[in-house]
Structure formats: C-alpha cells, structure tokens
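J.: Requesting a structural model of the entry that follows:
(one chain, ligands or ions: 2)
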Amino acid sequence: MAAGKRLLLGDDQPSIGEALIKAMDMSPADVVFEVRESDIRGRGGAGFPTGIKWNLAGAASGDHKMVICNADEGEPGTFKDRVLIEKMAWKLLEGMTIAGYAIGSSHGIIYLRAEYPYLVPILEKARQDLISQGLLGDDIQGRGFSFNIEIRSGAGAYVCGEETSLIESLEGKRGEPRNKPPFPVNSGYLARPTVVNNVETFAAVPHILLGGAEWYQGLGRDDCSGTKLFSISGDVENPGVYELPMGAALRELLELSGAKDIAAVQVGGASGSTVTPDELDKPMSFSALPPGGSVVVFNSSRDMLDVLENFMEFFVHESCGQCTPCREGNRRLLDIIRSIRAGEIASRDDLKPFFLLADVMKAGSKCGLGQTSPNCFVDIITKFIAFPGDKEGA
Ligand SMILES: Cc1cc2nc3c(=O)[nH]c(=O)nc-3n(C[C@H](O)[C@H](O)[C@H](O)COP(=O)(O)O)c2cc1C
Ligand code: SF4
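T.: Ligands and ions are numbered 1, 2, ... in the order given. Okay, here's the model as predicted:
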C-alpha cells in the first residue's frame, strides 16, 4: 500500500494531541484562518473549501453547534476512509475536536457506514484513549473547552452520504436530501449550525495546524493543496490506498498500482469521469479531473456497455425518488442502455434526446446524486461505444 508523500498514512506521524494543544494555544478565529489559508478543499467529493465552511458555521448564530464526520463512504470503489479509520482513528477524532474548538461546538458525531460495524470498536478504543489522556471530553487539558464525540451507525443507503440526507438520517428520519438553503452551516442537525466534513478532511487538519498553511499548500500540485488518498481497484496488480500530492497526474497513480492494458479509467466513483488512455496525463485536481476517493481501471477485456449498465442499475436503485429528473431520468437512461445492448439503436443520432435528458438531470435534480449520475452515460457512450451508423474514423 501507498507511495509518494505519505502524510495521512505514513510512518512519521505527529504525537497524539500535539495539534490540538497547539490549536488551543491559538484563538478559534486563528485556527479557522489557518485552515482557510491552507486552501484545503473537502475530500468527500464536492471539494468545498473547508476553511470557508468552518468560518460560516463559526459565525452562524445559534447555540449547540455541531461537528459531524461523514464516514458513510458509499461511493462504489472508495475505501480510503475505511483504511484511514483502521490505521489512524485518533487523527480523525483530533481533527473533529479541533473543528469543535474552532467553530465553538462541544459535540461531534461520526456517521459510520452501516457496512463497517467492525470499525466501531476501533473508533471506540481511540475515543476512550483520548478521553483518558485528557484530549477529549470535559475540560480538555484544563483549558475550559469540552468536546464529546458519539459514534452512530449509518442507514445503508448511498444517498445518506449526501450531507443533508445524513443529517435527516441522524435525526431518525428517512434519509432524503433537504432543500438548500438553508445550508447545514446555518441550520443542520436539529436546526443547529453544523459542519459536515469527510473523514480524510478531518484527518488532514492536525497536519495543517502543525505544519502551517503555507507548508500544506506547497504539498499539492496543479492548483491544489495538500495530499490525497486514492482507493484504486479493478484491473491493477496492486489495488489499495495510495497517497499522492493532490493534483498529481492520473498516470502516476496507475503506474504505482501496476495498471496494464488500460482501456478506460473511472475517476471519482460511478458519478465521476470515465477517461480514455489519451487522458492519463490529466491532473487529478478539482478543475481537471475531480478524484473523489476512487479510481477503477478497466482493461481491454471489459465490455464498457456492461460497466455502464452496472453503474446505471446502481443509480436507479439508490435514487431516493424525491425528484422527477433523477427518479425517472436514471430509469430512462437504463432502458436505452439495454436497447443498445439489444442492438436496437443503429445510430448515435438516435441518442440525442437522451443526451438532452442527461442535461436536464444535471440541471434539474435536487441533489448531487441526480446531478452527476448521467456523467457515466455521457462519457461512456461518447468515448467507448460504437454504433453501426458511425462514420469510419468518427
Ligand atoms: C449521493 C451522494 C453521496 C455522498 N456520499 C458521501 C460519502 O460517502 N462521504 C463523504 O464524505 N461525502 C459524501 N458526499 C458529499 C457530502 O454531501 C458532503 O459534500 C461532504 O460530506 C462534505 O465534506 P467535505 O467538505 O469534507 O468533503 C456525498 C454526496 C452525494 C450527493
Ligand atoms: S437527485 Fe435523486 S437522490 Fe437526490 S433528491 Fe432527487 S431523487 Fe433523491
């Protein structure tokens, strides 16, 4: 496992509590400023600037602010958060505690993927260890700051990873996305100002505090800052979790993992981008090729229509059904994929209405699921599927 600059998963780790103690020597506003200056963007997929999120939650009016860790990790092909919790649970808890100090919250919740029950004892042990060292709980290090963390099991649906569905689920309701605004930073869990961040985002925070914003920024490439964990699987010799500079070229990751005979690569999960061998030098950055947490490699033996059908079945199954573009759109895309498979589509021109439908879904769906689920349809049909009516060389 792993290669490149190993900040999050490397052997050279700061001592437990060092970053929290440093943070508590600073004012909460200075902690938020440091995170903001580091330019870290959320590692859960959407890439929202973490410092801005914390700033908004800190400034929001309302008591009992909340810090929630999104450990739902439901994106197909993603398993980096699982590894991070297995190996460095304390760092996630410390990052959450620093967030609590920064925004003025005394309560955190970890929303853990339902399929990860074996991580509960690991998190629980890390929690107890921190409490016994005076780094979590009441009156941390005698500084008058208290922060407690609860561990809650997820509800098993992909859409519960979307932050407002996650909050609904935590409140004991059906996990469906909320209308936004209001955003969670103003009205989240139980209508309290709430920060929701990914496991990896919280785990990066102690490093930012200890190394400084400028140092952290310098670790990234392209227009990115910091390092990034990538879960890579599929047709590679060495699947696993690798840590590289955020913004590193996709090719670098593929070489490290021993990918050969590459026909297609799915970057950023089922809702991400499907790239051809000509695109491997693209940087895995938010502006060029947003990586999320997952990279899946397909070699030339794979039928990309099969891959597409599989992704679309997933979205049909996981759509919560609240809004029409997503509920009906994904079904229509799956139907047409099956018609292509049955040889009923002679020309790519016949698919024009479905590309239009994909645009409507992206623009009209309520949450990120329906807004991104057509990506694989557009990419795979455009780049990988040939039709009898295609002109030679087209
Ligand atoms: C359908 C869907 C599923 C999502 N699943 C996850 C997930 O499993 N883990 C995660 O951190 N973010 C997930 N997100 C993104 C969250 O809504 C949110 O942006 C993220 O937790 C914010 O944390 P970050 O800023 O640290 O990335 C998902 C979004 C959508 C639309
Ligand atoms: S886009 Fe899909 S998952 Fe999201 S609210 Fe609409 S129906 Fe539900």
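
J.: from here on, contacts and neighbour counts on C-alpha atoms
T.: Fine.

J.: Then Ile151 would be within a helix, right?
T.: No - counting by DSSP: H, G, I helix; E, B strand; the rest coil, one finds Ile151 to be strand, located in no helix.

J.: Hmm, Leu112 and it touching each other?
T.: Yes - using C-alpha atoms under 8 Å as the test, Ile151 is close enough to Leu112 to be in contact (7.1 Å).

J.: With neighbour numbers in mind, choose between these two.
T.: Legend: neighbour count by other C-alpha atoms under 10 Å for Ile151 and Leu112, higher for Leu112 (25 against 15).

J.: where does that one sit relative to Ser153, distance-wise?
T.: Distance of Leu112 to Ser153, computed by C-alpha to C-alpha, to the nearest Å: 5 Å.

J.: So which residues of the stretch 101-250 of the chain form helices?
T.: 120-132, 163-170, 199-211, 213-218, 250-257 (DSSP state H, counting those that start in this stretch).

J.: Just put those helices in CSV and tack on mean pLDDT and distance to ligand 1.
T.: Formatted as CSV, those follow (pLDDT from 0 to 100; distance: least, C-alpha to the nearest ligand atom, whole Å):
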stretch, mean pLDDT, distance to ligand 1
helix 120-132, 98, 17
helix 163-170, 98, 4
helix 199-211, 98, 5
helix 213-218, 96, 16
helix 250-257, 97, 20
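
J.: wait, doesn't Asp379 sit right on Ser271?
T.: No - in this structure, Asp379 is not within contact of Ser271 by C-alpha under 8 Å, at 10.5 Å.

J.: Among those two, which residue is more densely surrounded?
T.: Shown here are Asp379 and Ser271; by other C-alpha under 10 Å, Ser271 has more neighbours (24 against 18).

J.: Distance of that one relative to Ile16?
T.: Ser271 is 36 Å from Ile16, by C-alpha to C-alpha.

J.: What score does the residue positioned nearest the centre of the chain have for pLDDT?
T.: By C-alpha atoms, centre = their mean, the chain has its centre lying nearest to Gly44, at 2.0 Å. Turning to Gly44, the model gives it a pLDDT of 95.

J.: in what helix or strand does it lie?
T.: Following DSSP states H and E, there is no helix or strand that holds Gly44.

J.: Spatially nearest residue to it, not counting backbone neighbours?
T.: Asn198 (5.0 Å; C-alpha to C-alpha, 6 or more residues apart in numbering).

J.: hmm, back to that, the helices of the stretch 101-250 of the chain: which one's closest to Gly10?
T.: Comparing the helices of the stretch 101-250 of the chain by their distance to Gly10 (C-alpha to C-alpha), the top pick is helix 199-211, with 11.9 Å.

J.: Check what pLDDT Ala394 gets.
T.: At Ala394, the model reports a pLDDT of 43.

J.: same check, this time on Ala2
T.: Ala2 is given a pLDDT of 39.

J.: And for Asp223?
T.: At Asp223, pLDDT is 87.

J.: what's near enough to touch it?
T.: Gly247, Ser285, Ser287 (C-alpha atoms under 8 Å, 6 or more residues apart in numbering).

J.: and ligand 2, which of those contact it?
T.: Taking C-alpha under 6 Å from any ligand atom as the test, ligand 2 is in contact with none of the contacts of Asp223.

J.: neighbour-wise, which of those leads?
T.: Gly247 (26 neighbours).

J.: hang on, that one packs against Cys224?
T.: Yes - in this structure, Gly247 is within contact of Cys224 by C-alpha under 8 Å, at 5.7 Å.

J.: Mutual contacts of those two, please.
T.: Counting by C-alpha under 8 Å, 6+ apart, the residues touching both Gly247 and Cys224 are Ser285, Phe286.

J.: Provide a list of residues in contact with Met24.
T.: Contacts of Met24 (C-alpha under 8 Å, 6+ apart): Tyr101, Arg143.

J.: Which strand or helix spans it?
T.: Secondary structure (DSSP H and E) places Met24 in helix 18-25.

J.: Skip ahead from that helix and say which helix or strand is next.
T.: Taking DSSP H and E, what comes next after helix 18-25 is helix 28-37.

J.: Next, the buried residues of that next one.
T.: Pro28, Val31, Val32, Phe33, Glu34, Val35, Arg36, Glu37 (16 or more other C-alpha atoms under 10 Å).

J.: Pull the most distant pair out of those residues.
T.: Once C-alpha to C-alpha is applied, the buried residues of helix 28-37 give Pro28 and Glu37 as the farthest pair, at 14.3 Å.

J.: now Thr278: how far from ligand 2?
T.: You called it Thr, but residue 278 is Asp. Distance of Asp278 to ligand 2, computed by C-alpha to the nearest ligand atom, to the nearest Å: 32 Å.

J.: How about the secondary structure of that residue?
T.: Going by three-state DSSP: Asp278 is helix.

J.: dump the residue contacts of Gly348.
T.: Not Gly; residue 348 is Arg. Per C-alpha under 8 Å, 6+ apart, neighbours of Arg348: Phe387, Gly389, Asp390.

J.: what does the stretch 101-250 of the chain put close to ligand 2?
T.: Val159, Pro177.

J.: residues in the stretch 101-250 of the chain within reach of ligand 1, list them.
T.: Residues of the stretch 101-250 of the chain lying near ligand 1 (C-alpha under 6 Å from any ligand atom): Tyr158, Val159, Gly161, Glu162, Glu163, Val196, Asn197, Asn198, Thr201.

J.: The closest residue to ligand 2 within the stretch 151-300 of the chain: neighbour count?
T.: The stretch 151-300 of the chain approaches ligand 2 most closely through Pro177 (5.2 Å), counting by C-alpha to the nearest ligand atom. Neighbour count of Pro177, defined by other C-alpha under 10 Å: 23.
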